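J.: Return atomic coordinates for the entry below.
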Amino acid sequence: MLKLRREKYPKLKWGAAGLGRFSETAFIPSLYLVRKAKLQSIFSNDANRSRSIAEKFSVPNHFNNYDEFLNSGIDVVYIGSANIHHYEQVIKAAEAGKHILCEKPLSITSAQAEEMVNVCRKNNVQLAVSYVYRFHPLIQKTKELIDSQLLGKIIAINTSFNINLTPDDNFRFSKALSGGGAVRDLGSHMIDLLRFFGGEINSIDGVMDNVVYKNEVEDFASGIVQFEKGGYGTFQVSYSSMKSLNRIEVIGHKGAVNIDNLVGQRYQSAKLSILLEGEARKAFRKRANKLYRLLSSINKAFRKNETPLVTGYDGLVNMKLIEQFELKCHSKKN
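T.: Predicted structure coming up:
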């Protein structure tokens, strides 16, 4: 008699809370590509929105009540709502025993972020933050070059993330909903990349301003950090650049790396250029869905109840750095 092998780690049932444009055009389509994952339920405060998205993607359950959503048989919650809602939704999901993938920034304040991390630990659930750039193959290749010492002592890591985002009804331009502007949205990604490449950060400083769009949150910021193990990193982010050649650059004592056409792009082909001492310049191109790769990695970790590659702790550390940066920038204006 044929014995069927029982799956040790079953397929996970996901729920998505917050159904903005990113959830509709990126998260949900990418999750459908992930093996051993199923989108079971969705939530929005707007009942019409949750109904229309459920119909579009054939999602079995849709809710405009968060508690009912959590009780719909799901294992994992993706939180893609406005920043102000992250804290309450993560806490409730953790207390309901759900693993969580939260959008960045993790919270409005580092005090909230610390409580979120602690509540997840107390309830034995995993908490990940959606820092997708870590999962692109060219980013991971650069990390290998740094860790293998092929670039030598790291002198500087420079990053830029400039886009054009007009102040309309986007929650990112409401300080009450987002907590801040370009730094919390785009800068959070770049600060995380600086830590991923250069290690933990000793100090952070810089400037914030409204260069083009006069709004209650900044449309531009430029920062510099010092790494604990030496060397420096920079980030420049803006909401006010219609055209920009965003780039990641790692400069070491023995070599350098550039990554072009990756930051701010979703699925386009990115280019990695490597220049090492005593070797000819090398260039590689790679097209990859970094969100799909993040979801695949996190789904696998959650199925086994293992720590994901990017954690709530990373979100907490990045939130503390953002607060330090904002405090220094505000003190210069007063």
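
J.: can you give me phi and psi for the closest residue to Cys102 other than its chain neighbours?
T.: The spatial neighbour of Cys102 that comes closest, neighbours along the chain excluded (Cβ to Cβ, 6 or more residues apart in numbering), is Ile79 at 4.5 Å. No exception for glycine: its C-beta is placed from N, CA and C like everyone else's. The phi and psi torsions at Ile79 (degrees, to the nearest 10) take the values phi -110, psi 100.

J.: do Gly206 as well
T.: Torsion angles, degrees, to the nearest 10, at Gly206: phi 160, psi -160.

J.: got the CA positions of the strand or helix carrying Glu55 in PDB?
T.: Here Glu55 sits within helix 47-57, counting by DSSP states H and E. As requested, the backbone C-alpha atoms of helix 47-57 are provided in PDB (Å, rounded to 0.1, in the frame of the first residue of the first chain):
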ATOM      1  CA  ALA A  47     -15.700  47.800   3.100                       C
ATOM      2  CA  ASN A  48     -16.100  48.700  -0.600                       C
ATOM      3  CA  ARG A  49     -12.300  48.500  -1.000                       C
ATOM      4  CA  SER A  50     -11.900  45.100   0.700                       C
ATOM      5  CA  ARG A  51     -14.800  43.800  -1.400                       C
ATOM      6  CA  SER A  52     -13.400  45.000  -4.700                       C
ATOM      7  CA  ILE A  53      -9.900  43.700  -4.000                       C
ATOM      8  CA  ALA A  54     -11.300  40.300  -2.900                       C
ATOM      9  CA  GLU A  55     -13.200  40.100  -6.200                       C
ATOM     10  CA  LYS A  56     -10.200  41.100  -8.300                       C
ATOM     11  CA  PHE A  57      -7.900  38.500  -6.700                       C
END
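
J.: pretty sure Ile251 contacts Ile154?
T.: Yes. Ile251 is in contact with Ile154 according to Cβ atoms under 8 Å; the separation is 7.4 Å.

J.: which of these two has more neighbours?
T.: Higher neighbour count among Ile251 and Ile154: Ile154, with 21 against 18, using other Cβ atoms under 10 Å.

J.: tell me the centre residue of the protein?
T.: Tyr131 (2.5 Å; Cα atoms, centre = their mean).

J.: Now do the helices in the stretch 101-250 of the chain.
T.: 110-122, 137-147, 175-178, 182, 188-198 (DSSP state H, counting those that start in this stretch).

J.: Please identify the buried residues of the helix or strand hosting Ala94?
T.: Assigned by DSSP H and E, Ala94 falls within helix 83-95. By neighbour count on 16 or more other Cβ atoms under 10 Å, the buried set for helix 83-95 is Asn83, Ile84, His85, His86, Tyr87, Gln89, Val90, Ile91, Lys92, Ala93, Ala94.

J.: Which of the helices and strands in this protein ranks last by mean pLDDT?
T.: helix 175-178 (a mean of 89; mean pLDDT, DSSP states H and E).

J.: Show me what Ala156 is bridged to.
T.: Going by DSSP bridges, Ala156 is paired in beta bridges with Tyr232, Ile251.

J.: for the stretch 151-300 of the chain, which spans come out with low pLDDT?
T.: By pLDDT under 70, the weakly predicted segments of the stretch 151-300 of the chain are 169.

J.: Which residue ranges of it form strands?
T.: Ranges of strands within the stretch 151-300 of the chain are 154-162, 201-209, 220-227, 232-238, 247-252, 255-260, 269-276, 282-287, based on DSSP state E, counting those that start in this stretch.

J.: what does the fifth one contact?
T.: Right, the one you point to is strand 247-252. 139, 142, 145-146, 151-160, 193, 197, 256-260, 262-263 (Cβ atoms under 8 Å, 6 or more residues apart in numbering).

J.: Run the angle between that strand and strand 269-276 for me.
T.: Following axes from the mean of the first three to the mean of the last three Cα atoms, to 10 degrees, one obtains 20 degrees for the angle between strand 247-252 and strand 269-276.

J.: Can you give the distance of strand 247-252 from its chain's centre?
T.: 20 Å (Cα atoms, centre = their mean, to the nearest Å).

J.: Output it as CSV, nothing but the C-alphas.
T.: Extracted C-alpha coordinates of strand 247-252, given in CSV (Å, rounded to 0.1, in the frame of the first residue of the first chain):
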residue,chain,number,x,y,z
ARG,A,247,22.8,54.5,-7.1
ILE,A,248,24.4,52.4,-4.5
GLU,A,249,28.2,52.7,-4.2
VAL,A,250,30.6,50.8,-1.9
ILE,A,251,34.2,52.1,-1.8
GLY,A,252,36.8,49.9,-0.2
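
J.: That strand vs helix 137-147, what angle?
T.: 10 degrees.

J.: quick revisit: which of the helices of the stretch 101-250 of the chain is buried the deepest?
T.: Highest mean neighbour count among these (mean count of other Cβ atoms under 10 Å): helix 182, with a mean of 26.

J.: From the contact counts, what lies against that helix?
T.: In terms of contacts (3 or more Cβ pairs under 8 Å, 6 or more residues apart in numbering; DSSP states H and E), helix 182 is packed against no helix or strand at all.

J.: sorry, back to before: looking at it, the residue nearest to the centre of the chain is touching His189, isn't it?
T.: Yes. Counting by Cβ under 8 Å, Tyr131 touches His189, with 6.5 Å between them.
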